[in-house]
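> what follows is a protein structure lacking sequence information:
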C-alpha cells in the first residue's frame, strides 16, 4: 500500500470500526469473504428493486455533493435539473426527492451525529465532497427514514464504488465503517441533538430577537415538518365554479387523495394519497382549472384586489384595470390578478422563467389579450405614455427564508444577503415613482422572515413621503386576522396561525397608496 493511503487511513480512523492497516486487510480478507457467503446463505436479501434504489441514491448523492456544478441552485432543483432524474420512473423520482429533501432538512442533526461517529468530519481532500454527501444520505436513511440498515448502508456505499467517482478503496471502507457505527449508535446520539440544529446560528438568533422563543420554536418545527409534503395548496381559476373543482377531486380514487379542504382564503388543500401520481395527472389540470400556489403566497394579489375593489366600488368596476406584476414568474400571482379581471402586465427579468410563466398562463387559458408578458428587469420597465397603472404588485427577490419547508437549504443562510437589499430598494422605489399612477395601490411582498428585507424596506420607502400605508383590517382576508401587525401590515409566520393555516410559508405583505 502506498504511503499516502496509510496517511489517509490514519486521518479517517473510526472508533469501533474495522482496522484498515495493511496487515489487517490481508489477514481478514478471506475471513470476511467466508462471513459474507455464510450470511447471504442464512439471511436472503430483502425483496426490493436494488437497481431502482441504487439509481435514486446515486442521484441524491450527486445533488448533495457541495462541490457539484450548479451548486448555486438549491439541492432539490439541482436534483430535478438532471436528465437522468427527468428520465426516471415516478417511483425513482419520489425516492430520490425524499432522500434529498430529508437529508437537506435534517442536515444539522445529521452532521452532529456524524461528527461523533468519526474523528475527522467533514472529510477533507479531493473526494471529501462526495464522501460527505454519501455519509449524509446514509445517515438520513438510518436516522429519519427508517430504511433497513442493510439497504441504507450497503446500497449507499455501493454508490461510492461507481467508477465515475474514483473514490479510493480506503475511503469507501471508511464510509462503510462510519455508517455501520451510525446504525449501532445513531439513534442515541440523535437524542443529544435539537431540531434547531438544522437552522443557522444567525437565523436562530434573528428569529429569537424578532419573534420570541415560543414563536421561534413553532416556526422551526413547521419549517422542518416532514409531513407537510403530503399536502399541496392550489389556487382556483374563477372561470370554473369552485364546487365543480372540489367535486372532481372528491370523486377521484380514494387512494389518490386522502382529503380535500377549502381554506379560508379560497385555496384548496389537497392531501396526497398513496397513488396521487404527478400533479399534471390530477383532475382538471389540463382544463386549466387551478394552479399550485402556497396559501401564504396568495396574499399579495388578494391584498391588491381587495384595495382596488374598495377604491372603485365593486368587482365589476375593476374589470380591465391596468395592473403590473413585477418579478412575475412562475405566475401564480399573475394568474390570480387575471382571474380577478385585471389587464395585467407581467414583468420578469429571466428569459427561461418567462417562458415557464407563459406556458403556465397558456394552460390556464389566459390569452395575450388579457396579459402582456415582458422580459425585462423590473427597474428598467415603464408603462407606455398615457397608461395610468392602477396597481403594482412587487414580490421582490429575497432570501426566501419563509419557504424553508420546501427549500430547507435557506435555513442555513448566514447574514450575508449580497446585493439583495439594494435590489429590493431599487425595485420598490422604481415601482412607486415610475410605474404606479397617482393614487394607485402598491403591494410590497417578500417570502422572507427577516425584518431588514421586509418591514425595514417599507419604512424606508415611506420615509420618502410619497406613499402611505393602506392598512389591512380585521375580516378583510379570512383566516389571517392574527397576522396583522401594529403597522397594519401582514406578517405571516409558519406554524403560528391557528388550524390548517399554521401550515404555510412565511410571508410579509405591506399595502401602500401613492400620494
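Good, I have the coordinates. Predicted, not measured: the structure shown is a model, and the values here were computed from it.

> ok, residue 366 touching residue 336?
No: using CB atoms under 8 Å, residue 366 is not in contact with residue 336; the gap is 10.8 Å. In this view, the C-beta of every residue, glycine as well, is placed from N, C-alpha and C.

> which of these two has more residues huddled nearby?
residue 336 (28 against 23; other CB atoms under 10 Å).

> how about the nearest residue to the more buried one, chain neighbours excluded?
residue 301 (3.7 Å; CB to CB, 6 or more residues apart in numbering).

> in the one helix or strand the one you found maps to, what's buried?
If you go by DSSP states H and E, residue 301 is part of helix 299-312. Neighbour-count burial for helix 299-312, counted by 16 or more other CB atoms under 10 Å, picks out 299, 300, 301, 302, 303, 304, 305, 306, 307, 308, 311.

> just checking, the fourth one touches residue 265?
Yes: counting by CB under 8 Å, residue 302 touches residue 265, with 6.6 Å between them.

> who touches both of the two?
By the contact definition CB atoms under 8 Å, 6 or more residues apart in numbering, residue 302 and residue 265 are jointly contacted by residue 477.

> one step back: what's next to the helix holding residue 301, contact-wise?
Applying CB under 8 Å, 6+ apart, the contact partners of helix 299-312 are 265, 315, 317-318, 321, 323, 333, 336-337, 340, 342, 390-391, 393, 395, 439, 441, 443, 445, 470, 472, 476-477, 480, 490, 492, 507, 509, 511, 513.

> can you give me the strands in the chain?
All strands of the chain, identified by DSSP state E, fall at 231-236, 257-262, 268-272, 290-292, 322-326, 343-348, 371-375, 389-395, 436-446, 467-469, 490-492, 507-514.

> residues in contact with the residue nearest to residue 113 when sequence neighbours are not counted?
Sequence neighbours aside, residue 189 is the residue nearest to residue 113 in space, at 4.6 Å (criterion: CB to CB, 6+ apart). Neighbouring residues of residue 189 by CB under 8 Å, 6+ apart: 112, 113, 116, 117.

> OK, contacts around the second one?
When you say that, I think you mean residue 113. For residue 113, the contact set (CB under 8 Å, 6+ apart) comprises 139, 143, 182, 186, 189, 190, 193.

> quick check: the farthest pair among those?
Spanning the widest gap among the contacts of residue 113 are 182 and 193, at 12.9 Å by CB to CB.

> for the two, indicate the residue with more neighbours.
When neighbours are counted by other CB under 10 Å, residue 182 and residue 193 differ, and residue 182 comes out ahead with 27 against 18.

> next one: the more buried one relative to residue 226, how far apart?
Distance of residue 182 to residue 226, computed by CB to CB, to the nearest Å: 19 Å.

> what is the neighbour count of residue 224?
By other CB under 10 Å, neighbour count at residue 224 equals 22.

> could you shift the numbering so residue one becomes 41, and keep it that way?
Got it, first residue is 41 now, which makes that one residue 264.

> which of the contacts of residue 153 lies closest to residue 453?
When the contacts of residue 153 are compared for distance to residue 453 (CB to CB), residue 233 wins out at 20.1 Å.

> could you find the closest non-adjacent residue to that closest one?
Nearest one to residue 233, counting by CB to CB, 6+ apart, is residue 149 at 4.3 Å.

> same check, this time on residue 514
residue 521 (5.0 Å).

> kindly report the same for residue 381.
Among residues not flanking residue 381 along the chain, residue 359 sits closest, at 4.1 Å (CB to CB, 6+ apart).

> this completes my enquiry, with thanks.
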